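Novice: Build me a model:
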Amino acid sequence: TKQNIPMKTNADKAVAETPSIEHVVVVQRTHQTVGMVNERDLWWHEAMATAEPTCKPEEMDAEDPLFILYTSGSTGKPKGVLHTSGGYLVYTSYTHENIFDYHPGDVYWCTADIGWITGHSYIVYGPLANRAVTIMFEGVPNYPDYGRFWDVVDKHKVKQFYTAPTALRALMKEGDEPVTSRDLSSLRLLGTVGEPIKEPEWMWYHNIVGKGKCPIVDTWWQTETGGILITPLPGATPTKPGSATNPFFGIHPVLLTENGQEIEGNDVQGLLAIKESWPGQMRTLYGDHQRFIDTYFSQVPGYYFTGDGARRDEDGYYWITGRVDDVLNISGHRIGTAEVEGAIGKASGVAEAAVVGFPHDIKGQGIYAFVTLMTGVAENEEVNVGILESVKKDIGPHAKPDKIQYTPALPKTRSGKIMRRILRKIAEGDTGNMGDISTLADPGVVDNLVKGKK
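Specialist: Numbers count the residues shown, from 1 in each chain. Reported below is the predicted structural model:
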């Protein structure tokens, strides 16, 4: 359904808390009346009307900071990932050209949000460094109908199309007609990003969208890596649905045991780490270099620790198995459980909250919140709305819990630590075997949780 999002109002609230911001550039879209602050706020169309057609480049050193992008951490405090000017630009341009088989004049489209790392690297920096024709898309895949993506492909004769499995799942549910009724003959290559793609979506993407003729590059990388690290090379790498296949040029992935030992050979599973550096690697966490070291390099000295688990199959192909810390992957976006718990805790009447992931048909993972209310506060719609609004305000609508279960108490050990393993099993509906619960301060809590499952 069509709805207006009060972007200007939201921006004004953010700017009020950020006095260092001198100007706000406003793009006119809905033509509704919005409040404009004299001398601070500028209309985009008015500024562009008087702007020079060229901009003289500013000379920068290779290691000068380029941008800071905040990403979720397992502790709840977002991490300011800092990328630098030289290495990041080299890596995004080189990976874009080779992985997407880009040739001059091709129309390339990455559907990501420009505000996320995928948009930074593969809508803006990499493509523009290669003088690519890159589409910048403002809409959503299901408005005005589920053929929106395919209309754009048809209209602009897109050759390379890069999107997320969560979008494919939503589109696949609507059937083949929105795809087959459009002319997608221009497509030469398809790509996925954000989370591992499951075989049903991969096959639909390949057969229905790509008509069986387009190679699929299933790419694995992170905000911290700057660009793609593990991926097939189109036309050169035989693909397997769900596998990111092999490392890109110069990337040395390894699998490690919990004790930090390298696992040799194939048909093995472990913690995914990178053995040597690469040009696009982050340089630090802004304002907290010690956290940078602690988070990525202290677990196993000499390796970059990704926080992901992986499997290396009998052919040496890599399969990403998911996060090994308390970070969820919701529609391809990383969200720390502690962040969501903190936002829920700010809602009126909430005493405590614990958040886990559970399988979700569209988003890959959904957010399941277990909430304990303060004494005297009753479970009702007002409390529900308050929780959702608090999360939306603190983090964004993508982090709102899909399910909220109210409970008198959370399963805690005698030392006060929440036993998340039990919460995950309940959220996933796997309540047949809870495992050892002898360390719980009150084992009876588990029965109450099982009975109250949403």
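
Novice: Check for me that residue 238 belongs to a strand.
Specialist: No: checked against DSSP: H, G, I helix; E, B strand; the rest coil, residue 238 lies outside a strand; its state is coil.

Novice: For it, report the pLDDT, please.
Specialist: As predicted, residue 238 sits at a pLDDT of 96.

Novice: One more: the one 4 residues further on?
Specialist: According to the prediction, residue 242 has pLDDT 92.

Novice: Repeat that for residue 374.
Specialist: At residue 374, the model reports a pLDDT of 84.

Novice: ditto for the one 5 residues further on
Specialist: The confidence metric pLDDT takes the value 90 at residue 379.

Novice: thinking it is in contact with residue 406, fair?
Specialist: Yes: counting by C-beta atoms under 8 Å, residue 379 does reach residue 406; the two are 4.5 Å apart. Where C-beta positions appear, they are placed from N, C-alpha and C, glycine not excepted.

Novice: Of the two, which one has the most company?
Specialist: The neighbour comparison of residue 379 against residue 406 (other C-beta atoms under 10 Å) goes to residue 406, with 18 against 14.

Novice: Show the pLDDT at that one.
Specialist: 95.

Novice: Tell me the spacing between it and residue 442.
Specialist: Distance, residue 406 to residue 442, using C-beta to C-beta, to the nearest Å: 17 Å.

Novice: quick one on the thing from earlier: mind listing the shared neighbours of residue 379 and residue 406?
Specialist: residue 373 (C-beta atoms under 8 Å, 6 or more residues apart in numbering).

Novice: low pLDDT regions in the stretch 301-450 of the chain?
Specialist: Low-confidence segments of the stretch 301-450 of the chain (pLDDT under 70): 414-417, 438-439.

Novice: ok, which stretches of it are helices?
Specialist: 337-345, 381-394, 420-428, 444-451 (DSSP state H, counting those that start in this stretch).

Novice: repeat for the stretch 101-250 of the chain
Specialist: 117-119, 126-129, 148-156, 165-172, 177-180, 199-204.

Novice: a markdown table please, covering those helices and showing mean pLDDT and mean neighbour count.
Specialist: A markdown table is the format used below for those (pLDDT from 0 to 100; neighbours: other C-beta atoms under 10 Å):
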| stretch | mean pLDDT | mean neighbour count |
| --- | --- | --- |
| helix 117-119 | 94 | 21 |
| helix 126-129 | 98 | 22 |
| helix 148-156 | 98 | 18 |
| helix 165-172 | 86 | 22 |
| helix 177-180 | 96 | 16 |
| helix 199-204 | 90 | 16 |
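
Novice: Name the residues linked to the residue nearest to residue 122 when sequence neighbours are not counted by a beta bridge.
Specialist: Among residues not flanking residue 122 along the chain, residue 110 sits closest, at 4.6 Å (C-beta to C-beta, 6 or more residues apart in numbering). Judged by DSSP bridges, the bridge partners of residue 110 are residue 162.
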